[in-house]
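Asker: okay, predicted coordinates and the sequence, questions at the end:
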Amino acid sequence: MKQYAADYTPQEMLVAAGSRQLEDNKVIFAGTGLPMVGITLAQLTHAPGIIPVFEAGAVGSSLTRGLPLSVGDSRTSCKAHYMQGLSSAFELTQRGFIDIGFIGGAEIDPYGNLNSTMMGCFPEEYQKPKVRLPGSGGAGDMACSCTNTIIIMAHEPRRFAPRLNYYTSMGYFDGKPGARKAAGLQGNGPARVITTKALMGFDEETKRMKILATMPGETVASVQDMTGFPLLVDDNVYEFEPPTVEEIGLIREVIDPLGYFVKKTLKSS
Amino acid sequence: MKQYAADYTPQEMLVAAGSRQLEDNKVIFAGTGLPMVGITLAQLTHAPGIIPVFEAGAVGSSLTRGLPLSVGDSRTSCKAHYMQGLSSAFELTQRGFIDIGFIGGAEIDPYGNLNSTMMGCFPEEYQKPKVRLPGSGGAGDMACSCTNTIIIMAHEPRRFAPRLNYYTSMGYFDGKPGARKAAGLQGNGPARVITTKALMGFDEETKRMKILATMPGETVASVQDMTGFPLLVDDNVYEFEPPTVEEIGLIREVIDPLGYFVKKTLKSS
Amino acid sequence: MFWSGLSPDDAREFLANKDKSKRDKRMTLTEAVKTFVKDGDTLGIGGFVNSRQPVAIIHEIIRQGGCNLTLNFHSAGLAPELLAGAMALNPSHVSIKRMEFAYFAHEFAGISSMFRYLAEKGLTELEDWSNYNMSARFKAGSIGLPFMPVRSPLGSDVMAGNRSKTMDCPFTGRPIGLVPAAHPNVGLIHVQEADIYGNCRINGQTFTCPEIAMASAHTIITCEKLVDHEIITANPTQTSIPFFAVDAVVEIPFGAFPGMCHDHYYFGQTHIADFKMKTEAFRQGDARGLEDYYHKYIFDVTDFDGFISQIPYQELKYSRQAEGRSLDLQKFLEVY
Amino acid sequence: MFWSGLSPDDAREFLANKDKSKRDKRMTLTEAVKTFVKDGDTLGIGGFVNSRQPVAIIHEIIRQGGCNLTLNFHSAGLAPELLAGAMALNPSHVSIKRMEFAYFAHEFAGISSMFRYLAEKGLTELEDWSNYNMSARFKAGSIGLPFMPVRSPLGSDVMAGNRSKTMDCPFTGRPIGLVPAAHPNVGLIHVQEADIYGNCRINGQTFTCPEIAMASAHTIITCEKLVDHEIITANPTQTSIPFFAVDAVVEIPFGAFPGMCHDHYYFGQTHIADFKMKTEAFRQGDARGLEDYYHKYIFDVTDFDGFISQIPYQELKYSRQAEGRSLDLQKFLEVY
């Protein structure tokens, strides 16, 4: 019998939800932070055959030396099968070796486009932005070229915006059919968005974001309340299973015991 | 006092002449066969600082395990400083790391263009050539992108043709000023042609082949006789110094003792 | 645009839908060739001239037969020459429809007589490239680009006669060449070491083998030696080909013989000279020697061990000794 | 077309005329920076985020001063942040005119406050690219191509806002991006091992360091350890940067600290957190801590040893122990 955890943070729920979306035996590009934690959790639970790929080039690693603090640090090389230069991960992705890109984002729109560059008007304020974020890194490349992408992020109204300040990582553009292909992209685009509030997908036709499941304690209405644009709702919307005792134990004790990426304190979202 | 060898073959003279054209401390691309022998001879005599580069990627090797039978064999890796994949040698060349490309050829025209592909009319007979040769290999790339090239070949009238059957490795095209640059090439083109009969350069203006020196026993007339197009003659044409005892000793006993590339039998050209 | 093998879009689609899991890929070479090599396929041939050529795989293809093949390689000797010889002897069993290549000869051992035979009789379609062009074509294929820019050999008949294009660089205004990606149906690669999943280590020069493996829809690996997976993970920077680019792993000692294999054996010079002599005799009208060669070493044996076991032990021993150190070649040749 | 650093044609010309001989290139870092780094230069920064960043070289540039610099990198934290901090403190001594980059932050340690400060005040020109774009730009530069084709991030504001171009592929008809080569005036690279000629070995991930070194007009190498030339020639496939791409070799142990260096030391997390806190305080109006930091660690010492000798021995020891094996981090942080 599955035992659900008695207490867990929204971030822990997020990681568990992310982990459960990952199919076994797939090649998965691990973005920095929560995606690394989610992949490791999946490897330790239902998907031991996952092949993680890190941005700086490590393929097939097992993070037995502890969670890397950077996708380029030496811990990503632990038990790796293959490790070439930085461009290697992008070249593998461009070729089609990566089944799933698992990435984060700062701002998202209804079509799964992401901003991780700036707040302010582009291009007018680009050289003097209101808030400057770190920039694309490799996420923009992965969003284009992985066969599918899964996005993991915190759910706040300002992060779910009808229009982005800047389009860093492309999802479904304006939702027009074939927009990705017309732009020259190869991957299928975002399959899932996982947040502290809900599991979402995209409507086949309109490519707009759609609630598939609500996180425990949330409702369609409470999710919509925290979202800066109208969400579609799947006909079979359901409540997501809470994290299990096993999942929470692995996150807290094995994968991220110091809470680098998954904060230990219980805080309300 | 320099001691000249009492007997030597035209091929041995050719190798010695080639070796003497190589400046110390230069990075030199070593084509298969005689160029490898010439470079090694130069390293063992006046130019110990030569840095040979082999087509399959070895840089800075010392051929202390014996002459490689192929520019891709393991002997080219002996004491190499750097060795990456096959494209590496071409990429180094394209970037400008190679001072001199030292290559052979089957057929040459007055402008230093080379054919190593076929005999017959191109393109009409390309799919059923009179004689099919091995093809470009890397020589065509080196002729384009090395800073300068030196060509080494046997001197026979049919090999020195006014027009080539096929243009494999580009020299000065039709001699028009700036033809190489206009085609997109980066290297300066052929500096020298060394044969069993003569040392030749190219006229500054017309880019036509010009006799700089005749090999021992040859004259301007005897060289011209063996050439299928009119050669220019330098104002200061001179007779080339014969090979020394040291040079011949090194070729025969150290560099190519089995005569893989430098035939041991004395034969008239 | 004509694409031999797969077009870039088809190659991407094929790979995206492929099972890339880490699983035991060991099988016999008979099974691997039967499963992955089909009539009409484009084959990407690894190695360089007569170094690390996939000779064992070629033997097996010849044994099973294969028609209307297209060969993609930069510089090669033994592998395409063995196929060319098989075609010359019996074109209904093995035939090469087309070659895209840069150099076809034995280097120190001279021209490839069977290549001359097929070419000069017009029996196969030719497309010449330079070595860098073919490397760049495999590179483009291996990294998912439809083409690579190249600066050579611009202005030559090589580029005038093949499918490359020349354009003005939109940044510098100067001419630049573009060579289309190569995506063979099957990559044929011999390496020194592989694990059961297909992670490969190549000692010495890698040539363009990693690119060919990663550009191809399927890749067959033969290796001198299967090694534990832990050897691979102990030093992942030395892995030349990742497992998810490989479909079959077969341990075949001497799998590149009589060509050389870095750290394992040097050229089987006597054997190459003998084969070369028989091909030249065929070109000049005497087929007997070559027929005998194919029967003895390929058709009358069931696998590559059957070929290697006919090579005199002294010759194998010498080729091992000559690799990686200097031997008195003259002396050997005198006493052998 | 605007080129920071050298244009492809100028870069080729410069290299063709350069002395590429194999000679002893050891010098002090003071001398190396004085010789090769000039006001107005474009600097190519090696490493990835806070791994193998050329921290020692950056300290020396800050000590000597450098104005109107352009920085080229993919993902970096400490190196550009140290320069940004120096500029914020005294723009007449150090100034960054322009940045071409993909990611500027500390990853686990959060955003780069000095970058935010400069950017949000509009004090420096920005040009965003993706990581793959910047890698491809250095790659193009390192292999003598004026551009590389890329398939990402097509359609984004990243490519809309920078100097990349999009064209229809002449082979497939589909859109493809072209990113221009990057040829910095000076490449700044920290490696684990180098010989006196400049042959470098990089352990673990090479990132884009070989490409940056080979694309740059000049390259300064700092290494954890100088090694005998024979160590290099014993295994040439492990050489990541060939000597003829290098102008200066300086042995600087801990040369990437407080960043990490594969096989040598893990992150100096305490030090990074302290620096990060001081930069954030500056951004919020309190310059004191940051001024002290620069004086104590950079301006009041003569070289990088002067910085490292101020790091508590326990911290250096821990960072060495934490590299390559699992330590009980919690316990360390409690007892330290």
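Answerer: Looks like it arrived, so ask away. Values in this document were obtained by computation on a predicted structure and should not be read as measured data. Residues are numbered from 1 along each chain as shown, chains lettered A, B, ... in the order given.
Asker: surely C:Ile61 touches C:Leu83?
Answerer: Yes - the criterion here is C-beta atoms under 8 Å, and C:Ile61 meets it with C:Leu83 at 7.2 Å. In this view, the C-beta of every residue, glycine as well, is placed from N, C-alpha and C.
Asker: for the nearest residue to C:Cys200 once chain neighbours are set aside, grab the count of nearby residues.
Answerer: Spatial nearest neighbour of C:Cys200, excluding adjacent residues (C-beta to C-beta, 6 or more residues apart in numbering or on different chains): C:Ile241 at 3.9 Å. Neighbour count for C:Ile241, taken as other C-beta atoms under 10 Å in any protein chain shown: 27.
Asker: what sits against C:Ile241?
Answerer: By C-beta atoms under 8 Å, 6 or more residues apart in numbering or on different chains, the residues touching C:Ile241 are A:82, C:189, C:191, C:198-200, C:202, C:209-210, C:213-214, C:219, C:221.
Asker: can we see that at 10 Å?
Answerer: A:82, C:46, C:187, C:189, C:191, C:194, C:198-202, C:206, C:209-214, C:219, C:221 (C-beta atoms under 10 Å, 6 or more residues apart in numbering or on different chains).
Asker: in strands, which of these appear?
Answerer: A:82, C:187, C:189, C:191, C:194, C:200-201, C:219, C:221 (DSSP state E).
Asker: can you tell me how far A:Ile151 is from D:Ala160?
Answerer: 22 Å (C-beta to C-beta, to the nearest Å).
Asker: nope, C:Lys276 is what I was after
Answerer: As defined by C-beta to C-beta, C:Lys276 lies at a distance of 59 Å from D:Ala160.
Asker: what of C:Met159?
Answerer: In terms of C-beta to C-beta, C:Met159 sits 34 Å off from D:Ala160.
Asker: more neighbours: the two, which one.
Answerer: C:Met159 (26 against 14).
Asker: show me what the helix or strand containing that one is packed against.
Answerer: Using DSSP states H and E, the element containing C:Met159 is helix C:157-161. Helices and strands touching helix C:157-161, by 3 or more C-beta pairs under 10 Å, 6 or more residues apart in numbering or on different chains; DSSP states H and E, are helix B:139-145, strand C:125-128, strand C:165-168, strand C:175-180.
Asker: got a list of what C:Ser152 touches?
Answerer: Per C-beta under 10 Å, 6+ apart, neighbours of C:Ser152: B:90, B:93-94, B:136, B:138, B:140-146, B:169-170, B:184-187, C:130-133, C:136, C:158-159, C:177, D:144.
Asker: make that C:Gln53, sorry
Answerer: C:Gln53 is in contact with C:45-47, C:73, C:76-82, C:188-190, C:255-261, counting by C-beta under 10 Å, 6+ apart.
Asker: helix, strand or coil: sort out C:Leu15 for me.
Answerer: helix (DSSP: H, G, I helix; E, B strand; the rest coil).
Asker: model confidence score at the spatially closest residue to it that is not a sequence neighbour, please.
Answerer: Closest residue in space to C:Leu15, ignoring its immediate chain neighbours: A:Gly96 at 3.8 Å, by C-beta to C-beta, 6+ apart. On pLDDT, A:Gly96 comes in at 98.
Asker: A:Ser62 too?
Answerer: A:Ser62 carries a pLDDT value of 89.
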